[in-house]
Structures are given as structure tokens and as C-alpha cells.
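Asker: turn this into a structure:
(chains A and B)
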Amino acid sequence: MKNCREATRLMSEGYERELTLRERFALKMHKMMCIGCTNYGKHMVFLRKATKRLREGGAGSER
Amino acid sequence: MNDGEPQTPAVLWDDPSISAIRRDMLRFAQLQLRDSGAAEDMVQEALLAAMSNAKSFAGRAALKTWMFAILRNKIVDHIRRASREICGSDLVQTLDEEGHNQDFDALFDQRGFWNRDDRPATWSDPDASFELKEFWAVFDACLNNLPDQIARVYMMREFLEFETGEICRQLGISNGNCWVILHRARMGLRECLENRWFQGGAIS
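Answerer: Okay, here's the model as predicted:
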């Protein structure tokens, strides 16, 4: 069973490489029981959206 | 620009809205480069390139997106040219000295589970923040709070869209180290946003 430290690391690595089936499964199981890591995962998606927005000029004074 | 034939309204380069875009470009370049001189140069180059290639645009947002794309390319070129400036071995050394994730170990208990107070909270309607310029000020501040080298790698990855492999090669570090750095950046940024924005009462 994964702990939160492991789960957060895997979530980040999921943006850099394809996770193995085993890793994805373990992550899913962990998140089902852990609201903190479920939120963490959502926050990572949010960060992605924010960075995309910023790099495309969609942030700031002029929109 | 084209004097030959009058075309559909070209971009008015002295329009106040252009200087607003220019300001945002400068802010973006400074975030990426952490060097105001180089940032100024990049923006200048991007503007020149934009002016000599300008077509007409369906609205200012499209123009801005296009100008940011030019700016990103200029910054990417600059970083590729100057990649020796970033010293990968320093980075790895920082990692080793601090232990793998030591700065975040405090967030977890001995078994590696979130401490009660550090457990990521539920953010209500986070996307609404995108419309608020106060949010972007906090976001900038949080990016600036990241340790320089870590921020650099994160920016290359997320803002300039380098492949992780290229970043690692340029810095001369292993993929594993690269991933750890990106993980730390994301974790730090998330924590900063949670503390300074999503629980700071900035959103009502």
C-alpha cells in the first residue's frame, strides 16, 4: 500500500513518464481512501491549467 | 510591415493595449529568466519579430497569444544558447545536501501520511481565480519563492515546454533527479497557493 509521500511523487512523475499499470492501480487505490491525495491530484491539474494560461498570455492586466 | 497595399487593419503598435501586452510579456520573461536585462532583450526581440511579421488578428486576445508564442521561442533559444549558465551539478548537489525531499518531510508523519494540518484542502471553484489579477500576483510570488534552480527547471518544463529529456541532458543530470526537482517545484507551488490564496481569504 502506498503512503502519501509516495503517492504525491507518483502523481508528479505521471506528468513526466507513463506510469506502469501497477503504479496506476496502487495510486487509484490510495486515492480512494485518501482525501488529501485526491485533493493533491486535483491541485496538480489546476497548476497545469494555470501554467498553460500564463504561458499563453492569458494572465495579467491585459486579457 | 507592408507599405505596398493597404490591407485589413494591421496591428497598431503604438496602441496603449500593446504596451499593456508588452508589460505582461516583460513580467513573463522576468519570471523565466530572473534577469531583468535579458528579459528586456527577449521582449524587445520578440516585439521586433512580431512587428515584421504582423498579420491581422481577430481580436486582441489572439494577438497576445501569438506574441507570447514568439516570446517563448525567443526565451527557449536564449536558454539553449546559454544552457551552460545553469549548472546541473550544483542542482544535484543541492538535492543531495538537503536529502531527497527533506524540506517536505515535515508535511508527512513517520509513516509517510499527511499530517493533519498539512493535508491538502478542498479548493472551491479554483478556476474562478483565473479571472482575478490578484490571483496572478500571488502565483508570480509563489513562483518567485521557489529556490532559483528548481524554479528554472520547472519553468523550462511547464512554461517553455521543453521535454524532460532535453532538460536533463542540458543540465547533465539523471531523469530521476529531474523528476525529483519537478516534484519539489509542484509541491512547493501547491503549498504556497494553498497558504497564500485558497485559505488566505482572498476569495470570498
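Asker: now do the SS call for residue B:13.
Answerer: coil (DSSP: H, G, I helix; E, B strand; the rest coil).
Asker: check what pLDDT it gets.
Answerer: Per-residue confidence (pLDDT) for residue B:13: 71.
Asker: for the closest residue to it other than its chain neighbours, give its distance to chain A.
Answerer: The shortest distance from residue B:13 to any non-neighbouring residue, by CB to CB, 6 or more residues apart in numbering or on different chains, is to residue B:51 (5.9 Å). Every residue, glycine included, has its C-beta placed from N, CA and C. Distance of residue B:51 to chain A, computed by CB to the nearest CB, to the nearest Å: 17 Å.
Asker: please apply the same query to residue B:127.
Answerer: Remark: distance between residue B:127 and chain A (CB to the nearest CB) = 7 Å.
Asker: that residue - how many residues pack around it?
Answerer: Residue B:127: 11 surrounding residues under other CB atoms under 10 Å in any protein chain shown.
Asker: just give the nearest non-adjacent residue to it, would you?
Answerer: In this structure, residue B:127 finds its nearest non-sequential neighbour in residue A:49, 7.1 Å apart by CB to CB, 6+ apart.
Asker: show me the helices in the chain, by range?
Answerer: Answering for chain A, as no chain was given. With helices called from DSSP state H, chain A shows them at A:4-13, A:21-33, A:35-55.
Asker: to clarify, I was referring to chain B.
Answerer: Assigned by DSSP H, the helices in chain B fall at B:16-33, B:36-53, B:60-81, B:88-98, B:102-105, B:133-145, B:148-158, B:164-171, B:175-193.
Asker: in stretch B:131-144, what's buried?
Answerer: Of the residues in stretch B:131-144, B:135, B:136, B:137, B:138, B:139, B:140, B:142, B:143 count as buried by neighbour count, 16 or more other CB atoms under 10 Å in any protein chain shown.
Asker: many thanks, I have nothing further to ask.
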